[in-house]
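Chemist: all I have is the shape, not the residue letters:
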């Protein structure tokens, strides 16, 4: 079956941290500290699900992620080994998550990794916006020690751009492309309903 692709941009703030963030408040503290200092960052990424049928059936829901990471005033860093998981269920918590991960080179050439998670458990059954737009994020070294932590978010404007960018890939004709997009939308809405049920 054909696949789908879409673009996503998230903006936020990450500040230097000495240890692993233990709870959401630690990520929030990193966000607040970097925001006060004006140390903004963002990523601009393209997600690719080459075969939407296989993607939906795979419980890991793993897609490719390519793009660039922008931090400070330096040149953007190209993503390597990027992975994106949409609505994968954490077996330990039972909560659906969106997971983002990629490697990149730091300003001094150090090999770093970005990882982020959206915990898809709404505070109220009707509120799915906040968890689906808040990415608790950290940057680590090759030895897994933490460099920085904070939060990235996506607003209404960028969310609208995301959905407008959704398009089929590898389709043999327009009909197959439409079926791929429909399959993705059906999966997405089904997971939204499941998230509300979990909440």
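Modeler: Right, received. Where do you want to start? Bear in mind the structure is a predicted one, so any value in this text is a computation, not a measurement. Numbering: from 1, shown residues only.

Chemist: go ahead and confirm residue 59 touches residue 88.
Modeler: Yes. If you go by C-beta atoms under 8 Å, residue 59 and residue 88 touch, sitting 7.1 Å apart. (Each C-beta comes from the backbone N, C-alpha and C, glycine too.)

Chemist: and stretch 114-123, which residues are buried?
Modeler: Buried residues in stretch 114-123, counted by 16 or more other C-beta atoms under 10 Å: 114, 115, 116, 117, 118, 119, 120, 122.

Chemist: looking at residue 59 and residue 88, which one has more neighbours?
Modeler: Using other C-beta atoms under 10 Å as the criterion, residue 59 and residue 88 rank with residue 88 on top: 19 against 9.

Chemist: tell me the average confidence for the helix or strand hosting that one?
Modeler: For residue 88, the element it lies in under DSSP states H and E is strand 80-89. Taken as a whole, strand 80-89 carries a mean pLDDT of 94.

Chemist: relative to strand 80-89, how tilted is the longest helix along the chain?
Modeler: If you go by DSSP state H, the chain has its longest helix at helix 174-198. Relative orientation of helix 174-198 versus strand 80-89 (axes from the mean of the first three to the mean of the last three C-alpha atoms, to 10 degrees): 60 degrees.

Chemist: what helices or strands is helix 174-198 leaning on?
Modeler: Applying 3 or more C-beta pairs under 8 Å, 6 or more residues apart in numbering; DSSP states H and E, we find helix 174-198 packed against strand 3-16, helix 52-57, strand 80-89, strand 96-105, strand 167-169.

Chemist: and the strand holding residue 88, what does it pack against?
Modeler: With contacts defined as 3+ C-beta pairs under 8 Å, 6+ apart, strand 80-89 has these neighbours: strand 40-49, strand 62-71, strand 96-105, helix 174-198.

Chemist: which of the ones you listed sits closest to residue 83?
Modeler: For residue 83, the closest of the helices and strands packed on strand 80-89 is strand 96-105, at 4.9 Å, according to C-beta to C-beta.

Chemist: so what touches the helix or strand following the closest one?
Modeler: Following strand 96-105 in sequence order, the next helix or strand is strand 111-119 (DSSP H and E). By C-beta atoms under 8 Å, 6 or more residues apart in numbering, the surrounding residues in contact with strand 111-119 are 43, 69, 95, 97-106, 131-142, 147, 152.

Chemist: strand partners (parallel or antiparallel) of strand 111-119?
Modeler: Counting by DSSP bridges, the strands paired with strand 111-119 are strand 96-105 (antiparallel), strand 134-141 (antiparallel).

Chemist: sheet partners, orientation included, of the helix or strand following the shortest one?
Modeler: Towards the C-terminus, the helix or strand next in line after strand 134-141, according to DSSP H and E, is strand 146-153. The pairing partners recorded for strand 146-153 under DSSP bridges are strand 3-16 (antiparallel), strand 134-141 (antiparallel).

Chemist: about what we covered before: can you list the helices and strands packed on strand 80-89 in JSON lines and add mean neighbour count?
Modeler: Output for the helices and strands packed on strand 80-89, formatted as JSON lines (neighbours: other C-beta atoms under 10 Å):
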{"stretch": "strand 40-49", "mean neighbour count": "20"}
{"stretch": "strand 62-71", "mean neighbour count": "19"}
{"stretch": "strand 96-105", "mean neighbour count": "20"}
{"stretch": "helix 174-198", "mean neighbour count": "15"}
